[in-house]
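>>> Below are the sequence and a predicted model for it; my questions follow.
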Amino acid sequence: MSEQTIALVSGANKGIGYEIALGLGRLGWSVGVGARDGTRREAAVAKLRAEGVDAFGVPLDVTDDASVTAAAELIDGRAGHLDVLVNNAGVTGGMPQDPIGADLDTVRTAVETNVLGVIRLTNAMLPLLRRSGSPRIVNMSSTVGSLMRQSTPGAQTGPISVAYAPSKTFLNAVTLQYAKQLSDTNILINAGCPGFCATDLNGFRGVRTPEQGAAIAIRLATLPDDGPTGGFFDDDGVVPW
Ligand SMILES: NC(=O)c1ccc[n+]([C@@H]2O[C@H](COP(=O)([O-])OP(=O)(O)OC[C@H]3O[C@@H](n4cnc5c(N)ncnc54)[C@H](OP(=O)(O)O)[C@@H]3O)[C@@H](O)[C@H]2O)c1
């Protein structure tokens, strides 16, 4: 069984997730590239290896129980433990998302991936995380999920969205509940916002690079043992709930 630091990043085949995998790999960590599409996953693993990263592919669809169970078994068999889980996989559910006349399937899709997917994957990985000396869980959220910002006139909160933004509010609430239940353990769990980054998620309209977006996840993945838990952060510090 390996003593190397092991991380799993969901949705690591592209965008911010790929850059998180690259950043963690550059620390000398072994990084599981969680991705649902085999071709995209293996292409990302090959690209990361070409960058010198000890990357390995983890077939993973966070909406699928069997897939998530198999991912935990793969990491257990490979390393026997997990040090860091980055719940990065996310979808908008499709736009536009006006509440009036909303397509409920759009809401279901966003919640299924962005919230239930995180709960599913976290619970599958917790037994492996409990075997780590310094386990960390990072949930990639968004400031559009901040109710404080959403209710502040003039704040930058993206388009009106009945699915995506509330799914991140839900994720923030879930993060807090995990932090409370894990408060007597050494597991630190936090939510992070990457900022508005140019990726497929927003048709590459973001103004930051995916690499810049990955920085907060890498910071939360490498928190010291006395670091915060149950918080919500971006590059500027604490984000209001
Ligand atoms: N970009 C931004 O401005 C921004 C801002 C705030 C927060 N975020 C958050 O940051 C995270 C990464 O977003 P991104 O901008 O990098 O988006 P992206 O480029 O669209 O990447 C999303 C990743 O999630 C994967 N994914 C989606 N559904 C999945 C599922 N069911 N199982 C496994 N993987 C799945 C995608 O895989 P496929 O390639 O197979 O689709 C892809 O790898 C998301 O949680 C997003 O909400 C992004």
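Everything's here; your move.
>>> tell me the contacts of residue 44?
Taking Cβ atoms under 8 Å, 6 or more residues apart in numbering, we find residue 44 in contact with 12, 13, 14, 18, 21, 33, 35, 55. Heads up, the C-betas are built off the backbone N, CA and C, glycines and all.
>>> Secondary structure and pLDDT added to the residues you listed, as CSV?
Shown next, in CSV, are the contacts of residue 44 (DSSP: H, G, I helix; E, B strand; the rest coil; pLDDT from 0 to 100):
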residue, secondary structure, pLDDT
12, coil, 99
13, coil, 98
14, coil, 98
18, helix, 99
21, helix, 99
33, strand, 99
35, strand, 98
55, strand, 98
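>>> from the residues you listed, which is closest to residue 227?
Proximity of the contacts of residue 44 to residue 227 (Cβ to Cβ) peaks at residue 21, which lies at 21.2 Å.
>>> how distant is stretch 167-175 from the center of its chain?
Offset of stretch 167-175 from its chain centre (Cα atoms, centre = their mean, to the nearest Å): 12 Å.
>>> pull the CA atoms of that stretch into PDB?
The C-alpha coordinates for stretch 167-175 follow below in PDB (Å, rounded to 0.1, in the frame of the first residue of the first chain):
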ATOM      1  CA  SER A 167     -27.700  24.000  -6.500                       C
ATOM      2  CA  LYS A 168     -24.500  25.700  -5.200                       C
ATOM      3  CA  THR A 169     -26.400  27.200  -2.300                       C
ATOM      4  CA  PHE A 170     -27.600  23.600  -1.500                       C
ATOM      5  CA  LEU A 171     -24.000  22.400  -1.900                       C
ATOM      6  CA  ASN A 172     -22.800  25.000   0.600                       C
ATOM      7  CA  ALA A 173     -25.400  23.900   3.100                       C
ATOM      8  CA  VAL A 174     -24.500  20.300   2.600                       C
ATOM      9  CA  THR A 175     -20.800  21.200   3.200                       C
END
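>>> check contacts around residue 205.
Residue 205 is in contact with 196, 198, counting by Cβ under 8 Å, 6+ apart.
>>> contacts with the ligand among the contacts of residue 44, please.
The subset of the contacts of residue 44 within reach of the ligand, by Cβ under 6 Å from any ligand atom, is 13, 14, 35.
>>> Quick one: mean pLDDT over the helix ranked longest in the chain.
Ranked by residue count and defined by DSSP state H, the top helix of the chain is helix 164-181. What helix 164-181 shows for mean pLDDT is 98.
>>> Toward the C-terminus, what is the element adjacent to it?
Heading C-terminal from helix 164-181, the first helix or strand you meet, by DSSP states H and E, is strand 188-192.
>>> on contacts alone, who are the packing partners of that following strand?
Contacts defined by 3 or more Cβ pairs under 8 Å, 6 or more residues apart in numbering; DSSP states H and E place strand 188-192 against strand 136-140, helix 164-181, helix 210-221, strand 232-234.
>>> how about these, which one is nearest the ligand?
If you check each of the helices and strands packed on strand 188-192 against the ligand by Cβ to the nearest ligand atom, strand 136-140 wins as the nearest, at 4.0 Å.
>>> ok, residues contacting that closest one?
Counting by Cβ under 8 Å, 6+ apart, 16-17, 83-88, 90, 118, 122, 129, 171-172, 174-175, 178, 187-194, 217, 220-223 sit against strand 136-140.
>>> restrict those to those near the ligand?
16, 17, 88, 90, 193, 194.
>>> Specify which member of these is nearest to residue 210.
Out of these, the member with the shortest distance to residue 210 (by Cβ to Cβ) is residue 16, at 4.8 Å.
>>> residue ranges with poor pLDDT in this structure?
1-2 (pLDDT under 70).
>>> Need the three-state assignment for the residue nearest to residue 93 when sequence neighbours are not counted.
Excluding its sequence neighbours, the residue lying closest to residue 93 (Cβ to Cβ, 6 or more residues apart in numbering) is residue 110, at 3.5 Å. At residue 110 the chain is in helix, as set by DSSP: H, G, I helix; E, B strand; the rest coil.
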